[in-house]
Every structure is written in C-alpha cells, then in structure tokens.
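> here is a sequence with its predicted model. Questions after.
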Protein chains: 2
Amino acid sequence: MHPHDHPHDPACTACTTPDLAFAPHDHAGCATDVLTRADALAAANGVRLTPVRRRVLEILLEGHRAMGAYDVLQRLASDGFGHQPPVAYRALDFLVEQGLVHRIHRLNAFAACMHPGEAHAPAFLICTACHLVAEAPATPVRAALNKAAKTLGFTIDTAHIEAQGLCPACQALQ
Amino acid sequence: MHPHDHPHDPACTACTTPDLAFAPHDHAGCATDVLTRADALAAANGVRLTPVRRRVLEILLEGHRAMGAYDVLQRLASDGFGHQPPVAYRALDFLVEQGLVHRIHRLNAFAACMHPGEAHAPAFLICTACHLVAEAPATPVRAALNKAAKTLGFTIDTAHIEAQGLCPACQALQ
DNA sequence: TAGACAACGTAATACTATAACAGGTCAATC
DNA sequence: GATTGACCTGTTATAGTATTACGTTGTCTA
C-alpha cells in the first residue's frame, strides 16, 4: 500500500476503494494506512499530530465504530495521558477540524475518518445491531440536498447525513 | 383552511404547500392549523394529546425554531406544569413518536413538525444566523441515500439529514 | 366499582460538553 | 543564550443534556 500523501486522485486505488467497514478486510493494514495518511496530511497542513492526538486517532481506528468522548478519555487516561474531559475533547476537536475524525451527532460520538485527505462529504451508515459505522460516498445525495435547499432559497454550508439500519452481516443474521 | 384530518393528498393545497418557515406568512394561522391537524391525528391514532403534550407543541409552534428540552421545561413550569426534566422529555418523546415534533440532533433540540400527517421524510435546513429551521422535501435526497447505502449492502431504517447555512433573508443581510 | 394501565410528578443520578486558569514545550527572535 | 509568544497539555470547576426509579393520580373498561 502506498503512502497516499496526496489529495483525492481517481487514479489511486486507495482513493477509489469503497469503505471497508462492512466488508472483511485487513484491518491492521487499513488502520496503519490511515495513520500514515494522517501524518502526511498534518505535515502538509503545518499542524502537529501530537502524541495525545495521534493516540486518539489510533484508538478510534481500532474498529469501525463510533466512540463517546468519555470512552476515549478513559483509554487515554489508562495510557498515561490526562484524566479530564478537555484532554479528550481537545484532541477530538482538533482531529475533526483536520478532517481526520467525523462527529456522529446521532450518537454523540466520534469515528475515525477512513478517507482522510480525499475530498469527500460522506453519508454515515450506522448499523443498529453491531454498531459499525461506514462512510458512504454521498455526492449525489448532496446534489439532491442542494437542489432541495435551493427551492427554498437556502444556501447550505455544511450538511450531516446519518442513516441507521442494518449492515449486510447483521441482515444475514435476522 | 380545512381541518386537514387526512394523510398526504396531492389534491389538498395544505399538503402541497412548501414549508413557510423562511417566507413571510400568517403564522397564527399556520400554527393553529398544525394544532388542529395534531388533534385530529391523535384521535385517529387512538393516543391522547394531553394538556402537557399539547402545550409543548404550542410552545414549539410559537416560532419556526428548535428549542432545547430545558427551555421547553422552563415554559411548562411557568405554566403550572411540573418542574423536572422528565416532564419535558416525556412530552417531547411522545410528540416525536407521533411525528408531531422532529428532533434536531445537531442542536440537541426539538422543532414542531409543520407537515404532520403528511407522509414526509424531510431534510432540515437550519439557518445559522437567525436559527430558523425549515423542512425541505427530501424524497429525491432519500432516494439517492438509499442508492448509496445499497452499494454497500446496507439497509436504511431511518435517516437524519440536517443542513446548516443561510436562509434567504439572512443571505440578503450579508 | 375494582382492576389494569397510562400519564404525571418528584428526587436522584448519569452522561455530554465547556470555561477558566496554570504550567510546559518549542521555535523564532533579540 | 535569554526572551518572547504561540501552542499544547493538564487541572478544577461548572454548565448543559438526558435517563432511571418510584409514588400518585387519572382514565378506561370489565
């Protein structure tokens, strides 16, 4: 897997790979790839992926799940970092600003972005059974949303699209 | 204005009226119409729109804005209802279940549904300047979302689509 | 009218998030 | 090499959001 230190490029396989959350995959590779890309992005943007921040990203990358700030905090504390909420919230806020983490409002939780550096505006698919979260490409969804807003004269700045339902694996178990 | 005690009907003008939040309109009529429809819906569904519940809906209908549960609670308390959070949350939960109120996750707040009884799955447009909230018809948006989910094998149960930006009036003031 | 059940009210608590301030690190500058 | 200033981390304290648990009242029905 190449370092992937570039913005979205249709010629790059990693860039065009669909979200793997719901598919069996080499998760260790998947996670370290994202971390590598995160390092590169931080350098490119002139910001610092400090130890706490990087650790938070690692923690979120352990699974394709959203975690609450306090769960992250507990992990940080047991790793020798601070014990107070701002420690977690600051790192999370930074990662969200940098596009390395997404906030899932419906769950009051945070999930690692699996497509950092790619210009993307995902829709989140949240499995209510196994709690996996995937990012679905949502360009057409956003186009439709912009169009709907336009008919009311509204100009969209940011949009959050979060769907709950069943992932393929959990559907099979029903 | 007719009682509107029916489900969505393309032949009914009230049913096909676009959301008026961003447009100058007869708000008193707009609010009482929704209340009338709410009464009819509750009766039709065999549930009770009790005094607290109805009052909560009235409060939310005072403006096309989302309110936090504790703001609603304060109003309820000053109207002689209970002073504890469950009083507000229970009424709000009921109204959400009945489709008379929408939860705006991004704001941790609640807004009266302006299209009760119409089979609708709106996208919420939240003005960051004046805090008005409108419901945009989102059938095409949801179609696109379902399609995106399908490519990942995901089945959507419920979706929340919330956009932030500027309403027409606030754009004009920029 | 007795029983079942829904609705309301309260107290207590859990969960999520931010404000305000102190000390530490590091790079650029004098 | 000391100094400044920006940024980062940590703390305490507090604000804001939501739920659990339990007792009482009201309503409907058998």
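Structure's in. What do you need?
> what is the neighbour count of A:Gly46?
6 (other C-beta atoms under 10 Å in any protein chain shown). (C-beta placed from N, C-alpha, C; glycine too.)
> state the distance from it to chain B.
Applying C-beta to the nearest C-beta, to the nearest Å, the value for A:Gly46 to chain B is 27 Å.
> so what's that residue up against?
Going by C-beta atoms under 8 Å, 6 or more residues apart in numbering or on different chains, A:Gly46 touches no other residue.
> gap between the helix ranked longest in chain A and the chain center?
Counting by DSSP state H, the longest helix found in chain A is helix A:27-45. Remark: helix A:27-45 is offset 12 Å from the chain centroid, using C-alpha atoms, centre = their mean, to the nearest Å.
> same question for stretch A:138-158.
22 Å.
> check stretch A:43-63 too.
Relative to the chain's own centre, stretch A:43-63 is displaced by 12 Å; criterion: C-alpha atoms, centre = their mean.
> that stretch and DNA strand C in contact?
No: taking C-beta under 7 Å from any atom of the strand as the criterion, stretch A:43-63 and DNA strand C are apart, separated by no less than 9.0 Å.
> what's the average pLDDT for that stretch?
Confidence for stretch A:43-63, expressed as mean pLDDT, is 96.
> just stretch A:146-155 next, same as before
Averaging pLDDT along stretch A:146-155 yields 97.
> re the thing from before, next SSE after the longest helix of chain A?
From helix A:27-45 onward toward the C-terminus, using DSSP states H and E, the following helix or strand is helix A:51-61.
> wait, A:Ala121 sits on A:Ala136?
No: with contact defined as C-beta atoms under 8 Å, A:Ala121 and A:Ala136 do not form a contacting pair (10.6 Å).
> these two: who's more crowded?
Set A:Ala121 next to A:Ala136 and count neighbours by other C-beta under 10 Å: A:Ala136 wins out with 24 against 15.
> list the helices and strands the longest helix of chain A packs on?
Applying 3 or more C-beta pairs under 8 Å, 6 or more residues apart in numbering or on different chains; DSSP states H and E, we find helix A:27-45 packed against helix A:51-61.
> what angle sits between the helix it packs on and helix A:27-45?
140 degrees (axes from the mean of the first three to the mean of the last three C-alpha atoms, to 10 degrees).
> the next helix or strand after helix A:51-61 near DNA strand C anywhere?
The element immediately downstream of helix A:51-61 (helix or strand, assigned by DSSP H and E) is helix A:69-78. Yes: remark: helix A:69-78 sits within contact range of DNA strand C at A:69-70, by C-beta under 7 Å from any atom of the strand.
> and for A:Ala28, the neighbour number?
As a burial measure, A:Ala28 scores 9 neighbours (other C-beta under 10 Å).
> next: A:Thr151.
Neighbours around A:Thr151, by other C-beta under 10 Å: 11.
> how far away is it from chain B?
In terms of C-beta to the nearest C-beta, A:Thr151 sits 7 Å off from chain B.
> quick one: that residue and B:Ala23, what's the gap?
Remark: distance between A:Thr151 and B:Ala23 (C-beta to C-beta, to the nearest Å) = 12 Å.
> ok, A:Glu162 next?
A:Glu162 sits at a distance of 28 Å from B:Ala23 (criterion: C-beta to C-beta).
> do A:Glu62 as well
From A:Glu62 to B:Ala23 the distance is 49 Å (C-beta to C-beta).
> residue closest to the middle of chain A?
A:Cys113 (2.1 Å; C-alpha atoms, centre = their mean).
> was I right about that one contacting A:Glu97?
No: applying C-beta under 8 Å as the test, A:Cys113 and A:Glu97 come out as separate, 11.8 Å apart.
> what residues does chain A have near chain B?
Chain A comes close to chain B at residues A:18-19, A:22, A:105-106, A:123, A:125, A:127-128, A:134, A:136-138, A:140-141, A:143-145, A:147-149, A:151-168, A:171, as judged by C-beta under 8 Å from any C-beta of the partner chain.
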